[in-house]
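Visitor: Here is the input, now give the coordinates:
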Amino acid sequence: MHIPKTSHITQIQRNAPSYPARLLDLYDPPNSLYIYGDIDLLTLPMIAIVGSRAASPEGLKNAHYFAQALSAEGYLVVSGLAKGIDGAAHLGALGPEQNRPTIAVCGTGLDLVYPKEHLELAHAIGNSGLLISELAPGVGPKAWHFPRRNRIIAALSLGILVIEAAERSGSLITARLGCELGREIFAIPGSIHHPLSSGCHQLLQQGAKLVQSPKDILEELPK
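Guide: Alright, predicted model coming up:
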């Protein structure tokens, strides 16, 4: 469950020049962040890709495809290192050679990897991208860590793409936080009979942009 080189985890305070200014849009921005990887990436334009942990094969394929396309256009894909859509998005963003940057916002200290199945993925992200947490090294996963992680994902991003989400979903929390922060919200529609489409359809009814291709996102976002 551990990543190597824990001595390479650095902490940046809220008043540091390298602290991401977009986090200050939160009413409760983290007092500090723990960083593992290339801190200069924090200056790039970011887009979040989030969705169900129990995603369908089609959902995983869409997450990989959209993340790879957006990464190739110069956007830094942000997600939460969870199973399902998050993992597929990180893998897509890393690219065919697994060496392009992506950011994982973690719900644990950065010396731990959760879920443990994503240890190799966390290594790849740490090598070419960035792992971020507001939790100190040694802090393990707790249920309340993940909604707080989601607010960081929402605040960092210019926009949030939701790919498959149930009606009561952490991804919808991320999207609603993003909406409150003035971020662009995107959702991929699906079958009305599929329970993982209901959250996306709910967002679309509330004004999210319906997305069929990466171009639909790119035309809405500044660089």
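Visitor: All the strands of this protein, in order from the start?
Guide: 10-13, 32-37, 46-51, 76-79, 103-105, 130-133, 159-163, 184-187, 209-210 (DSSP state E).
Visitor: now those strands as JSON lines including mean pLDDT?
Guide: Below are the strands of the chain laid out as JSON lines (pLDDT from 0 to 100):
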{"stretch": "strand 10-13", "mean pLDDT": "96"}
{"stretch": "strand 32-37", "mean pLDDT": "96"}
{"stretch": "strand 46-51", "mean pLDDT": "97"}
{"stretch": "strand 76-79", "mean pLDDT": "98"}
{"stretch": "strand 103-105", "mean pLDDT": "98"}
{"stretch": "strand 130-133", "mean pLDDT": "97"}
{"stretch": "strand 159-163", "mean pLDDT": "97"}
{"stretch": "strand 184-187", "mean pLDDT": "97"}
{"stretch": "strand 209-210", "mean pLDDT": "97"}
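Visitor: Can you give the distance of the lengthiest helix in the chain from its chain's centre?
Guide: Criterion DSSP state H: the longest helix present in the chain is helix 57-72. With Cα atoms, centre = their mean, to the nearest Å as the basis, helix 57-72 stands 13 Å off its chain's centre.
Visitor: a markdown table for the strands of the chain, including mean neighbour count and distance to residue 19?
Guide: All C-beta spots, glycine's among them, are computed from the backbone N, C-alpha and C. Formatted as a markdown table, the strands of the chain follow (neighbours: other Cβ atoms under 10 Å; distance: least, Cβ to Cβ, whole Å):
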| stretch | mean neighbour count | distance to residue 19 |
| --- | --- | --- |
| strand 10-13 | 13 | 5 |
| strand 32-37 | 22 | 7 |
| strand 46-51 | 30 | 15 |
| strand 76-79 | 28 | 16 |
| strand 103-105 | 29 | 14 |
| strand 130-133 | 24 | 11 |
| strand 159-163 | 29 | 21 |
| strand 184-187 | 24 | 23 |
| strand 209-210 | 14 | 30 |
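Visitor: possible to save those as TSV with distance to residue 150?
Guide: Formatted as TSV, these follow (distance: least, Cβ to Cβ, whole Å):
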stretch	distance to residue 150
strand 10-13	20
strand 32-37	15
strand 46-51	8
strand 76-79	10
strand 103-105	8
strand 130-133	13
strand 159-163	10
strand 184-187	14
strand 209-210	20
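Visitor: Could I get the full set of helices for this protein?
Guide: Going by DSSP H, the chain shows helices at 57-72, 85-94, 119-128, 145-156, 170-180, 198-205, 214-218.
Visitor: ok, so what distance separates residue 161 from residue 41?
Guide: Going from residue 161 to residue 41 by Cβ to Cβ, to the nearest Å gives 19 Å.
Visitor: Report the contact partners of residue 217.
Guide: 47, 66, 70, 159, 161, 186, 209, 211 (Cβ atoms under 8 Å, 6 or more residues apart in numbering).
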